[in-house]
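A.B. asks: got a sequence here, can you build the structure:
(2 chains)
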Amino acid sequence: MTTDTTPYSSDERSTGLPAGGPNPPAAPDVKPGDSLGREAWRRLKQNKAAMASLVILIVMAIICVAGPWFMPWDLDEVDWEAFMAEPSLSSGHLLGTDANGRDLLTRTLYGGRVSLSVALVATVVSLVIGVLYGAISGYVGGRVDNAMMRFVDIMYSLPFMFLVILLMVVFGRNIFLIYAAIGAVEWLDMARIVRGQTLGLKRREFIEAAHALGVKGSTIVTRHLIPNALGPVIVYVTLTVPKVILLESFLSFLGLGVQEPLTSWGVLISEGKDMMETAPWMLLVPSLFLAVTLFCLNFLGDGLRDALDPKTR
Amino acid sequence: MSKALLEIDNLCVDFQVPSGTVSAVRGVSFTIHEGETLALVGESGSGKSVTSTATMRLLPELAKVTGAIRFDGEDLLKVTPKRMRRIRGNDISMIFQEPMTSLNPLHRIGRQIAEVLGKHRGLKGSAARSKVIELLNQVGIPEPERRIDSYPHELSGGQRQRVMIAIALACEPKLLIADEPTTALDVTVQAQILELLKDLQQRYGMAILFITHDLTLVKHFADRVCVMRYGEVVETGETQALFTSPQHDYTKMLIDAEPQGTKAMGDANAPVLLEARDVHVRFALKKRLFGKSEYFEAVRGIDLTVRRGQTIGIVGESGSGKSTFGRALLRLLDSSGDITFEQVDITQLDKNGMRPLRSKMQVVFQDPFGSLSPRLTVGEIISEGLKVHHPEFTRRDRDARVAEALAEVSLDPAMRNRYPHEFSGGQRQRIAIARALVLKPEFLLLDEPTSALDRSVQVTVIELLRNLQRKYDLTYLFISHDLSVVRALADTVLVMKEGQVVERGIAAEIFAAPKEPYTRALMKAAFLTSPVSAA
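C.D. replies: Numbers count the residues shown, from 1 in each chain, chains lettered A, B, ... in the order given. Modelled structure (predicted):
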């Protein structure tokens, strides 16, 4: 459909403007609107708590990734002179050692790599699959929705441990399996949340208006449904990250997760709790890292939710 | 008119918000005497509801209230919370706008009425029950003995509002605050509820503070009127005097805000743009894999011929199927029957086949707050259709078209970088019209486009629609429950009831001499019985 077939050409139309009108057709001097992303970033910057959290998280990620290269100790290096040594400057073990004489700071940083990467990968997987799956299911509705959600129900009813053990048996013990197993379970909740949001949004008039404009279904989902469902999604993501970190430590605790000498925050905490009375630093150090991370994630999540909502100024 | 019952003296309400202080009410004073009806009239944001909520001391904590509210000689702003609870529901009670949400859906209505009786009168058990039945009887609920055990969802909107009134009247209050009690109801129900309130007022001799935006109701209902704007009282006076000789410009404007004029009959020989034959729409209530599914038929066989340049008004109460019919015509809903647009049978087209036609048939919805995506800028919203129908346009082209469309609806084109929530209802409705217009349609479905707007804004939107129609030879299908708006815009009218057309014909003729009893009832309820004098 070109403009020529419409009953009035664009020229006629611009001359037909009211003379006293605010002088429009040559008006594209106004800067094109900021995209939602840039606008959101501007608002996020004003939120001090969220920005501080973001900085801490970035620093945390950098020291976990790069830190171990600068440490005098290796992950599995045993200091024969310091078993369960207290944190001290003189021995070089800034945060002490564990029962096997390995440097706790080094191990915590290595553990951070595992925990943060599991959290990141599993959350991204659950976010992408869950949001798309839920939005499509809710938007299409009817039989498709029914079939898609029954699949989710079946996945729910599979015992998680059974799934993990099955994967272990087939593929052998491997860190990527943990990513896969956790990701495969976490997206289910997300899909349900997004579907619920979509069902509510679908009836709103702006979706109907998009239909009346002839907008394609895929565009409606990505442009109208998903952005408007973001609020609860972000809140849920900030809940997912700690859940995933704890789930990984649970798997490792059962011997299904990361394998010694590799470690994670969850493993370190569970080791530390056994030594709580004799060597409290073994519990406190990894717990502190984990707690700070989760705390920052919550603040950042709140900040993101507000920043992505155009109503908050 | 005996002694003063409620005296509000220099009432100010300030809200502390992050960006500073918002003064919702600034120095309002008025008096209600025993047994009289005072109407508090104003448009949205005028502070009328805040005033009444302050009287009940129901405002949130962050509101700062100063001044004096003397009820029966007692300053309500100074009494203890405990004393206030005794006054609420007992001496002053309140009914709200939304009968759908102001009753607790989990409790039977009898229990909700009995709750007030138990609290203030100490009535329990069978004594309470017989009192509740008596109350239900008084507010005109049929079969009160059976209805007392109904849940709110089993009642219609009008019946729920009657239950709310029963709760409010349970303790025979001296003052009833009615906050837009009929706004959410159909016109015929509205008339019944007002009748009931008048009747009960005489029986109990109570005073009514009647809050509304609708001046037509005030004229028929109130003894005195208090007009508010921007949190201040603009004018107070006896109803008769106020309507015949309003003193303040704003009052004059409000009274004149009744939509004026009519549309001249369109050319009877103009080419047919849209034609519908025997349109049915049905919704599945229960779908079964095997056996018979249950259906509800919302539209039951309607014929319609729309000629270019016409405005067809569809009038009906909620549930009459008028919006459903409109959506079916645009193929936003599945229907049976034939619909042709420009001689093309569009019922046979699939989604992709419909797409090129979409730019010629556009729609403007009722709720300006729901019809714009909150996460897109105004520019993105308006340009969405251009992206679909003119993929060859560059970003610059689109931007220029958006600016043009905004100017067309008298909005500043610089506003296109802002988000919908920054605009008022009227402005949003203009944005929705711009979204439709930017595609240069020929046919526009207007689904209650003015119903959510203040009267004064309504008039400007109607004026805009009229000008656009004249300029671009647009064809309108105008759906509304508001007869005065339809009279101002439409040249042909269809009256719908329960999915069928009750009466159809030339607008002027129908408004002058309605033939069907249902149409007459509608007009009487809308106080349009003497169309000539009101127009």
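A.B. asks: residue 257: neighbour count?
C.D. replies: This is for chain A. By other CB atoms under 10 Å in any protein chain shown, 26 other residues sit near residue A:257. All C-beta atoms are positioned from the backbone trio N, CA, C, and that covers glycine.
A.B. asks: switch to chain B, please.
C.D. replies: Neighbours around residue B:257, by other CB under 10 Å: 17.
A.B. asks: and residue B:267, by the same measure?
C.D. replies: 11.
A.B. asks: how is chain B carved up into domains?
C.D. replies: Here the domain assignment for chain B is B:108-170, B:258-360+B:442-453+B:472-535, B:370-440, based on automatic domain parsing.
A.B. asks: looking at those, which is nearest to residue A:102?
C.D. replies: For the domains of chain B, proximity to residue A:102 was assessed by CB to CB; domain B:370-440 is nearest, at 50.1 Å.
A.B. asks: and that closest one, end to end?
C.D. replies: End-to-end distance for domain B:370-440, by CA to CA, to the nearest Å: 23 Å.
A.B. asks: go through the domains of chain B and pick out the most buried.
C.D. replies: domain B:370-440 (a mean of 21; mean count of other CB atoms under 10 Å in any protein chain shown).
A.B. asks: quick one: mean pLDDT for it?
C.D. replies: Here domain B:370-440 scores 88 as its mean pLDDT.
A.B. asks: ok now that domain, how far from the chain's centre?
C.D. replies: Averaging C-alpha positions (CA atoms, centre = their mean, to the nearest Å) puts domain B:370-440 25 Å from its chain's average.
A.B. asks: doesn't residue B:339 lie inside a helix?
C.D. replies: No - membership of residue B:339 in a helix is not supported by DSSP: H, G, I helix; E, B strand; the rest coil, which gives strand.
A.B. asks: from residue B:37, how far off is it?
C.D. replies: Between residue B:339 and residue B:37 the distance is 49 Å, computed by CB to CB, to the nearest Å.
A.B. asks: circling back: could I get the domains of chain B as CSV with distance to residue A:149?
C.D. replies: Below are those laid out as CSV (distance: least, CB to CB, whole Å):
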stretch, distance to residue A:149
domain B:108-170, 26
domain B:258-360+B:442-453+B:472-535, 16
domain B:370-440, 26
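A.B. asks: straight-line length of stretch B:342-352, end to end?
C.D. replies: First-to-last residue span, stretch B:342-352, CA to CA: 18 Å.
A.B. asks: show the average pLDDT along that stretch.
C.D. replies: 86.
A.B. asks: check stretch B:121-137 too.
C.D. replies: 86.
A.B. asks: next one: that stretch to chain centre, how far?
C.D. replies: With CA atoms, centre = their mean, you get 34 Å for stretch B:121-137.
A.B. asks: which residue does the stretch 51-200 of chain B have closest to chain A?
C.D. replies: residue B:100 (16.0 Å; CB to the nearest CB).
A.B. asks: show me where the stretch 151-300 of chain A has helices.
C.D. replies: Under the criterion DSSP state H, counting those that start in this stretch, the stretch 151-300 of chain A contains helices at A:160-171, A:175-202, A:205-213, A:217-219, A:226-228, A:230-253, A:265-274, A:281-308.
A.B. asks: mind jotting down where the helices sit in the stretch 1-150 of chain A?
C.D. replies: Under DSSP H, counting those that start in this stretch, the stretch 1-150 of chain A gives helices at A:10-15, A:36-46, A:48-70, A:104-140, A:142-157.
A.B. asks: buried ones in the fourth one?
C.D. replies: Okay, so that is helix A:104-140. A:104-119, A:121-123, A:125-127, A:129-139 (16 or more other CB atoms under 10 Å in any protein chain shown).
A.B. asks: against residue B:207, how distant is residue B:58?
C.D. replies: 19 Å.
A.B. asks: so those two - more neighbours on which side?
C.D. replies: Neighbours were counted for residue B:58 and for residue B:207 using other CB under 10 Å; residue B:207 has more, 24 against 12.
A.B. asks: so how far is residue B:411 from the more buried one?
C.D. replies: In terms of CB to CB, residue B:207 sits 44 Å off from residue B:411.
A.B. asks: with residue B:327 instead?
C.D. replies: For residue B:327, the distance to residue B:411 - CB to CB - is 27 Å.
A.B. asks: could you do residue B:231 as well?
C.D. replies: From residue B:231 to residue B:411 the distance is 26 Å (CB to CB).
A.B. asks: spatially nearest residue to the residue in the stretch 101-250 of chain A that chain B sits nearest to, not counting backbone neighbours?
C.D. replies: Nearest residue of the stretch 101-250 of chain A to chain B: residue A:214, at 3.4 Å (CB to the nearest CB). Residue nearest to residue A:214 in three dimensions, not counting chain neighbours: residue B:358, with 3.4 Å by CB to CB, 6 or more residues apart in numbering or on different chains.
A.B. asks: pretty sure the one you found sits against residue A:216.
C.D. replies: No - in this structure, residue B:358 is not within contact of residue A:216 by CB atoms under 8 Å, at 11.4 Å.
A.B. asks: so what sits against both of these two?
C.D. replies: residue B:388 (CB atoms under 8 Å, 6 or more residues apart in numbering or on different chains).
A.B. asks: check the offset of whichever strand or helix holds residue B:117 from the chain's centre.
C.D. replies: Using DSSP states H and E, residue B:117 maps to helix B:109-121. Put simply, helix B:109-121 sits 30 Å off its chain's centre (CA atoms, centre = their mean).
A.B. asks: wait, what's in contact with residue B:334?
C.D. replies: Here residue B:334 is in contact with B:281, B:328 (CB under 8 Å, 6+ apart).
A.B. asks: roughly how far does it sit from residue A:201?
C.D. replies: Applying CB to CB to residue B:334 and residue A:201 gives a distance of 21 Å.
A.B. asks: got it, and residue B:255?
C.D. replies: 41 Å.
A.B. asks: just give me the neighbour total for the residue lying closest to residue A:87 once chain neighbours are set aside.
C.D. replies: Nearest residue to residue A:87, sequence neighbours excluded (CB to CB, 6+ apart): residue A:96, at 4.2 Å. Per other CB under 10 Å, the neighbour tally for residue A:96 reads 21.
A.B. asks: isn't residue A:96 right next to residue A:282, touching?
C.D. replies: Yes - between residue A:96 and residue A:282 there is a contact at 7.1 Å, judged by CB under 8 Å.
A.B. asks: tell me the pLDDT of residue 58.
C.D. replies: Using chain A. If you check residue A:58, the pLDDT there is 92.
A.B. asks: was after chain B, sorry
C.D. replies: 85.
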